[in-house]
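>>> coordinates only, no sequence provided:
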């Protein structure tokens, strides 16, 4: 198939910034559990999006932060390993939270990554009148951390606002490649692990 593109994209960010919700929205089905509690994702999970002209494998990574425990160190290692082996990265910055040191730390891991996209997530949680100021703040942030080439896209994964746009922008940056997975595959996660995660999601919400 001429000009077909395929590749891997790492979805990164602090804990609880909407990474898993974004992956589910891009894939079009729930393959990753979501929760208001941070670090719900403990292992990278791959979602597979297949279109007529591209196939994108999005990797939902654990929330990244300055590690204070052995678990935190290992989770960060897994994220960095995924960044190093992907063709693009998407940094999630929630619209309803102030950009902070944690975001700067993650951005420092992406300085050598091109292309990088900035997804301003959860725009449905702020008044539309506040969005322009938020985008200005994000623009100042990307200049500060050396990601001037990164494209900034405000999205609401919950409401599927601009998810098609970010998908098409990332797809243009994927390398030309044969299709890597069959058309009907949306994740390569084992079925028993998916069921285990769904049970864990229900337990987390019940306990907390």
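Sure, I can see it. In this text the structure is predicted, and so the values were computed from the model without any measurement.
>>> isn't residue 123 up against residue 155?
Yes: counting by C-beta atoms under 8 Å, residue 155 is a contact partner of residue 123 at 6.5 Å. Bear in mind the C-beta positions are built from the backbone N, C-alpha and C, glycine included.
>>> need the residues touching each of these two.
Taking C-beta atoms under 8 Å, 6 or more residues apart in numbering as the contact rule, residue 123 and residue 155 both touch residue 161.
>>> strands along the protein, start to end?
Assigned by DSSP state E, the strands in the chain fall at 5-12, 45-50, 54-60, 88-94, 116-121, 151-154.
>>> now the second one and strand 5-12, what's the angle there?
An angle of 140 degrees separates the directions of strand 45-50 and strand 5-12 when computed by axes from the mean of the first three to the mean of the last three C-alpha atoms, to 10 degrees.
>>> contacting residues around strand 45-50?
8, 23-24, 26-28, 31-32, 55-60, 167, 179, 181, 183, 185-189.
>>> from the chain's centre, how far out does it sit?
How far strand 45-50 lies from its chain's middle: 12 Å, per C-alpha atoms, centre = their mean, to the nearest Å.
>>> list buried residues within the contacts of strand 45-50.
Burial by neighbour count, 16 or more other C-beta atoms under 10 Å: within those this picks out 8, 23-24, 26-27, 31-32, 55-60, 167, 181, 186-187, 189.
>>> return the helix or strand in this protein with minimum mean pLDDT.
Between all helices and strands in the chain, the lowest mean by mean pLDDT, DSSP states H and E belongs to helix 191-207, at a mean of 47.
>>> where in the protein is pLDDT low?
1-2, 34-43, 63-84, 111-114, 189-208 (pLDDT under 70).
>>> do a quick rundown of the helices in it.
For the chain, the helices defined by DSSP state H occupy 19-27, 70-84, 101-108, 128-144, 163-171, 191-207.
>>> please tell me how far the shortest one is from the chain's geometric centre.
Shown here is helix 101-108, whose average C-alpha point lies 15 Å from the average C-alpha point of the whole chain (C-alpha atoms, centre = their mean).
>>> mind starting the numbering at 338 from now?
Renumbered: residue one is now 338, and that last one reads helix 438-445.
>>> tell me the contacts of residue 485?
residue 479.
>>> give me the phi and psi for it.
Phi and psi for residue 485, reported as degrees, to the nearest 10, are phi -60, psi -30.
>>> next, give phi and psi for the nearest residue to residue 366 once chain neighbours are set aside.
Excluding the flanking residues, the one nearest residue 366 by C-beta to C-beta, 6 or more residues apart in numbering is residue 523, at 5.6 Å. The phi and psi values for residue 523, taken as degrees, to the nearest 10, are phi -110, psi -10.
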